[in-house]
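Engineer: need a 3D model of the sequence below.
(one chain, ligands or ions: 1)
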Amino acid sequence: MSAQIIDGKKIAAEVNEDNRKAVSLLARDRNLQPGLAVVLIGEDPASQVYVNMKDRKCQELGIYSEKHVLDINASMPEVLSLIDKLNKDPKINGILVQSPPPPQIDEEKVIETIDPAKDVDCFHERNVGKMLIGKQDGFFPCTPYGIMILLERSGIDPCGKHAVIVGRSNIVGKPMMSLLVQKAAGANATVTCVHSRTKNLPELTRQADILIAAIGKPEFVTADMVKEGVVVVDVGINRVEDTDAKRGYRLVGDVKFDEVAEKASFITPVPGGVGPMTIAMLMQNTIKACKMQNKV
Ligand code: NDP
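Structural biologist: You can find the predicted model right below:
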């Protein structure tokens, strides 16, 4: 079998077209413009790329955006005071602090300080709790939410399927478990989550009808670890040295694409799979935040 490619760029463009329409309706009918503030501490090149991509997407869609770049040595009081200002700013509906911050910054404390109504990344414990119990009036975290939409728009219903998630981070693995297991349309999967302490990991991944790889290890999932016909979602973004590439590296996922694609029924590429969806869902969450804060 040769897998059908799940085109994340195309699906993200469709979601963003809906986002653009929602933004123009808010302007036309309510004179409202959603606003997103992105906070970057330090100038880590990869983080800068992500922040600039988010900023550009806001501009494309008509979302107001602010970028706050703090010095790498910024103190906790400085960061918290900026968050407090953004919490109170009516132009700003969504706030995100680009991860990872430098070591002097207590990320958990920063997340707790963000007004849950503006927590468009869904890192605040109140929103995480709402997601877990299936409430719709919070936010879903952008990457796992984007994966749910990728599956839905590719006609893949997780209902009754065995979904195996490789990785248990708070950003991807754990919320992915929570979204897939919900008693709700588009979910209803039987979920297993494996991690670095799992025994016989390949035995479990071979049972997957849907396999989601989110570990940050280049090409970790190989063909012998999956069964024929599996749906594979590759979240990983890893730089590997490539002297033929202009920048000296290329991006690969957590899945050995060519060989796994031979066995899978569907597969996401890297790049162009999950990545574009993450930003599209961030835009959607910002619009939702604006609507909720203005009781639209
Ligand atoms: P983390 O490093 O936070 O978590 C990695 C997880 O993988 C951990 O649970 C860890 O287990 C597990 N793991 C690591 N090594 C192994 C192993 N050998 N066997 C089994 N499990 C292992 O990563 P993230 O979840 O933040 O990110 C994962 C990947 O996804 C990265 O490449 C990241 O760049 C990418 N990413 C992509 C996004 C996108 O938009 N496309 C968004 C977010 C992340 P343990 O808990 O036991 O340590």
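
Engineer: setting aside sequence neighbours, what's the nearest residue to residue 276?
Structural biologist: residue 12 (3.6 Å; C-beta to C-beta, 6 or more residues apart in numbering). All C-beta atoms are positioned from the backbone trio N, CA, C, and that covers glycine.

Engineer: pretty sure residue 40 sits against residue 71.
Structural biologist: No: between residue 40 and residue 71 there is no contact, the gap being 10.5 Å when judged by C-beta atoms under 8 Å.

Engineer: neighbour-wise, which of those two wins?
Structural biologist: For residue 40 and residue 71, the more surrounded residue by other C-beta atoms under 10 Å is residue 40, and the numbers stand at 19 against 11.

Engineer: sticking with residue 250, tell me its helix or strand.
Structural biologist: Assigned by DSSP states H and E, residue 250 belongs to strand 249-252.

Engineer: for the helix or strand that comes right after that strand, C-alpha coordinates in PDB please.
Structural biologist: Scanning forward in sequence from strand 249-252 by DSSP H and E, the next helix or strand is helix 257-261. Provided in PDB are the C-alpha atoms of helix 257-261 (Å, rounded to 0.1, in the frame of the first residue of the first chain):
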ATOM      1  CA  PHE A 257       8.500   8.800   6.000                       C
ATOM      2  CA  ASP A 258       9.400   6.900   2.900                       C
ATOM      3  CA  GLU A 259       9.300   3.400   4.400                       C
ATOM      4  CA  VAL A 260       6.300   4.000   6.700                       C
ATOM      5  CA  ALA A 261       4.300   5.600   3.800                       C
END
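
Engineer: ok, how many other residues are close to residue 105?
Structural biologist: Other residues within reach of residue 105, judged by other C-beta under 10 Å, total 20.

Engineer: circling back: residues in contact with the residue nearest to residue 276?
Structural biologist: Neighbouring residues of residue 12 by C-beta atoms under 8 Å, 6 or more residues apart in numbering: 146, 276, 277, 279, 280.

Engineer: need the single longest helix in this structure, by residues.
Structural biologist: Identified as the longest helix of the chain according to DSSP state H is helix 8-30.

Engineer: and the next element down the chain from it?
Structural biologist: On the C-terminal side of helix 8-30, the closest following helix or strand by DSSP H and E is strand 35-41.
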